[in-house]
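Q: Whatever this is, show me its structure:
(one chain, ligands or ions: 1)
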Amino acid sequence: MKNNETAIVIAGAGPAGSVTSLFLCRNKIPHIILDKSSFPRDKICGDALSGKVVDILRKLDGKLLDELNLCQAQALGSYGVKFGAPNGTCVDIPFAKNIESLKSAPGFISRRVYFDDFLFQKIDRTYATVIENAEVKELIRKENRVEVTYVQQGSQHSISCKLIVGAEGDRSVVARKLGGYVKDDRHYCAGLRAYYKGVKNFHPQNFIELHFLKELLPGYFWIFPMANGEANVGLGMLSADVSKRKINLKQSLMNIIQHHPEFKKRFEGAQLVDGIKGWGLPLGSKKRKISGSNFLLTGDAASLIDPFTGEGIGNAMLSGMVAAKHIQCALTENRFDENFLSEYDREVYGKLWNELKISRTLQRLSRYPWLFNLVINKASKSERLRNTIMIMFDNLEARKRLQNPLNYFKLFYK
Ligand SMILES: Cc1cc2nc3c(=O)[nH]c(=O)nc-3n(C[C@H](O)[C@H](O)[C@H](O)COP(=O)(O)OP(=O)(O)OC[C@H]3O[C@@H](n4cnc5c(N)ncnc54)[C@H](O)[C@@H]3O)c2cc1C
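A: Here you go, the predicted model:
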C-alpha cells in the first residue's frame, strides 16, 4: 500500500468476504480485507451448510472439503431434511439416493464460530493484508476512487481504493452509503437462534428439520443436530408479518419448546446453552442493483438469502466467487465504472435469479397451511413424491415445475 492507496478493499470477512479474498489470492491479486471483529467470532445463524457451500469449497480446493469431512468434532455431515407440515405430519427427504456411495456428506451443520474461522484462516497473507478489529464507518467517493474510513481500537484510519467489496453482511455500510439500500420489511426476515443441550429424537443420519408451524407461516421453526450433541434451534419469520401480527418472536419460540405437544416431549430436560439471539435475514426475493461505480456488493450486503429456505451462506460464497472474477477483469481493463461493473449483477443474477424466483413463489404458497398439509401428507405416503422432492434439491428444472399450479395436480393425483 502506497500513501494509504490500494486497488481493492474487501469490507467484511464472513463467507462472502473470505471467499472473495480466497479467489483473489488464488489469482495472486493483492488486496486488503477488513473486519470489525477478530476471528474466531460468532455469527447468529442456523449453521446449516448446503450443497452449494460444498460445491464452492470443491471449486476453491478439494482439500478444504476433505478437511471439513475429517473435522467431525466441528462439522456434522447431514444427509437429508425432515419437513413438518402445519398439521404435524412429517416427511424425511434424503439429499441423495445412494448415501453410502458418497465421498462427502451432501451438507453439514457447523457452528459459524468454527466454519467462518476455517475459511478466514485459509486466506493467503502473501496477497491479502488482513486487518481485524477494523470497523468501516464512512465511505466517500472522490475522483473515481473511494476513501474508506475505519476505526481500529479507537483510532481512525483511511484507505483510498479503486474498488470496495461490500461484504459486511446485513448492516452493510457499503450497501447503504454507496448502493443507497434501505431495509424493506416485505423482503426481510427476522430470525432467532438458540443452542440447546439434550434435545431428543434426531434422525440417525443427522437430517436437518424444518417445521412449518401454522402460527409462523410463511416462516418456520428449525432444529438442527450438531457435532457436539447440542442442537441449533430457532425460527424465522417475515418482518412485515411480525409487525402486522405484533408477534413476540422470543415468546413464540418458548411457547413451541414448552407447550407444543410434539416438541415439548423432545425438549423435556433440555438446557438452553447460551442466550436466545436475534439477527436479520435480507432476502433475495427482489432484484436489486448490486454494483455501481467503484463498488460490488456480495452476500447479505447484496440481499441474496433464499426467501423460502433462509439459506444465505452458499449464495454469499457464490457471489464472492463471482466478485473475484469481475475484480480481475476490472483490474485488467482498469475500469471501475458503473457500466463495466454491471456485468457482475448480470452474472450473479444469471446464476441465482431463477432459483430465488422459485423460492419466492414457494414462500408465497407456504402461506396456505392446507397446501403444505396436502404436500407433506401425500409425500409421507408416496415414495415417488419423496423422490421427486429429492430431485428438486439438485435440479432447478424440476423445481421450476412447482411454479405452475397444474403441476401440483399432476404431482398429487397421478
Ligand atoms: C437466525 C439466522 C439463521 C440463519 N440460518 C442459516 C442457515 O442455517 N444456513 C444458511 O446458509 N444461512 C443461514 N442464515 C443466513 C446466513 O447467516 C447469512 O446469509 C450469511 O452469514 C451471509 O454471509 P456474509 O459473509 O454475507 O455476511 P456475514 O456472515 O454477516 O459476515 C459479515 C462480516 O462483516 C463484518 N462486518 C460487519 N460490519 C462491518 C463493518 N462496518 N466493517 C467491517 N466489517 C464489518 C462482520 O464482523 C462479519 O464478519 C441465517 C441467518 C440468520 C439471521
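Q: And for the residue of the stretch 301-414 of the chain found nearest the ligand, nearest residue in space, chain neighbours not counted?
A: Residue of the stretch 301-414 of the chain nearest the ligand, by Cβ to the nearest ligand atom: residue 312 (1.9 Å). For every residue, glycine as well, the C-beta is placed using N, CA and C. The shortest distance from residue 312 to any non-neighbouring residue, by Cβ to Cβ, 6 or more residues apart in numbering, is to residue 305 (3.8 Å).
Q: contacting residues around the one you found?
A: Neighbouring residues of residue 305 by Cβ atoms under 8 Å, 6 or more residues apart in numbering: 189, 281-284, 311-312, 315.
Q: these two touch, right, the residue of the stretch 301-414 of the chain closest to the ligand and residue 298?
A: No: if you go by Cβ atoms under 8 Å, residue 312 and residue 298 don't touch, sitting 11.2 Å apart.
Q: before we move on, back to that, show only the entries of the contacts of residue 305 found in strands.
A: Within the contacts of residue 305, membership in strands is found for 189, 281-282, as judged by DSSP state E.
Q: Output those residues as JSON lines; include the columns distance to residue 268.
A: Listed next are those as JSON lines, based on distance: Cβ to Cβ, whole Å:
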{"residue": "189", "distance to residue 268": "29"}
{"residue": "281", "distance to residue 268": "30"}
{"residue": "282", "distance to residue 268": "36"}
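Q: Out of these, which is nearest to the ligand?
A: residue 281 (4.8 Å).
Q: Model confidence for the closest residue to the closest one other than its chain neighbours, exactly?
A: Among residues not flanking residue 281 along the chain, residue 189 sits closest, at 4.0 Å (Cβ to Cβ, 6+ apart). Turning to residue 189, the model gives it a pLDDT of 97.
Q: give me the beta-bridge partners of residue 189?
A: Counting by DSSP bridges, residue 189 is bridged to residue 238, residue 281.
Q: Check the one 4 residues further on too.
A: Counting by DSSP bridges, residue 193 is bridged to residue 234, residue 277.
Q: count of residues packed around it?
A: The number of residues packed near residue 193 is 25, by other Cβ atoms under 10 Å.
Q: what do you get for the one 4 residues further on?
A: Residues contacting residue 197 under the criterion other Cβ under 10 Å number 14.
Q: residue contacts, the residue nearest to residue 249 when sequence neighbours are not counted?
A: Excluding the flanking residues, the one nearest residue 249 by Cβ to Cβ, 6+ apart is residue 192, at 5.3 Å. Contacts for residue 192 (Cβ under 8 Å, 6+ apart) come out as 234-236, 249-250, 253, 276-278.
Q: Quick one: which of those residues is the most crowded by neighbours?
A: Highest neighbour count within the contacts of residue 192: residue 236, with 28 neighbours (other Cβ under 10 Å).
Q: Helix or strand: which one has that residue?
A: Using DSSP states H and E, residue 236 sits in strand 230-238.
Q: Please give the element, helix or strand, for residue 160.
A: strand 155-166.
Q: what lines up beside that strand in the sheet?
A: In the sheet, strand 155-166 lines up with strand 5-11 (parallel), strand 145-152 (antiparallel), strand 295-297 (parallel) (DSSP bridges).
Q: Now that strand: buried residues?
A: 159-166 (16 or more other Cβ atoms under 10 Å).
Q: Over to stretch 233-242?
A: 233-239, 241-242.
Q: End to end on that stretch, go ahead and measure it.
A: Length of stretch 233-242, first residue to last, Cα to Cα, to the nearest Å: 19 Å.
Q: do stretch 239-251 as well
A: 16 Å.
Q: starting at the chain centroid, how far to it?
A: Computed by Cα atoms, centre = their mean, to the nearest Å, the chain-centroid distance of stretch 239-251 equals 22 Å.
Q: Now do it, average pLDDT.
A: If you average the pLDDT over stretch 239-251, you get 95.
Q: contacts for it?
A: Identification of contacts with stretch 239-251 by Cβ under 8 Å, 6+ apart yields 185-186, 188-190, 192, 218-219, 235, 237, 276, 278, 280.
Q: do stretch 364-383 as well
A: Residues outside stretch 364-383 that contact it (Cβ under 8 Å, 6+ apart): 83-87, 89-91, 93, 212, 214, 217-218, 308, 385-386, 389, 402, 408, 411-412.
Q: Same question for stretch 38-45.
A: If you take Cβ under 8 Å, 6+ apart as the criterion, stretch 38-45 is touched by 13-14, 35, 111-114, 116-117, 120-121, 132-133, 169, 191, 193, 232, 277-279, 313.
Q: Please repeat the previous calculation with a cut-off of 7 Å.
A: By Cβ atoms under 7 Å, 6 or more residues apart in numbering, the residues outside stretch 38-45 that reach it are 14, 112-113, 116-117, 120, 132-133, 193, 277-279.
Q: Identify, from the residues you listed, the entry nearest to residue 51.
A: Minimum distance to residue 51 across the contacts of stretch 38-45 is 18.0 Å, recorded for residue 112 (Cβ to Cβ).
Q: OK, contacts around the closest one?
A: With contact set as Cβ under 7 Å, 6+ apart, residue 112 has these partners: 42-43, 45, 47.
Q: which among those residues are in contact with the ligand?
A: With the criterion set as Cβ under 6 Å from any ligand atom, the members of those near the ligand are 43, 45, 47.
Q: Which members of the residues you listed occur in strands, if any?
A: Applying DSSP E to these, no entry is found in strands.
Q: In CSV, list the residues you listed along with pLDDT and distance to residue 263.
A: Output for those, formatted as CSV (pLDDT from 0 to 100; distance: Cβ to Cβ, whole Å):
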residue, pLDDT, distance to residue 263
43, 98, 25
45, 98, 21
47, 98, 19
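Q: which bits of the stretch 251-400 of the chain sit near the ligand?
A: Residues of the stretch 251-400 of the chain lying near the ligand by Cβ under 6 Å from any ligand atom: 279, 281, 299-301, 305, 310-314, 316.
Q: and the gap between the closest residue to the ligand within the stretch 151-300 of the chain and residue 67?
A: In the stretch 151-300 of the chain, the residue found nearest to the ligand is residue 299; the distance is 2.1 Å by Cβ to the nearest ligand atom. To residue 67, residue 299 is 22 Å away according to Cβ to Cβ, to the nearest Å.
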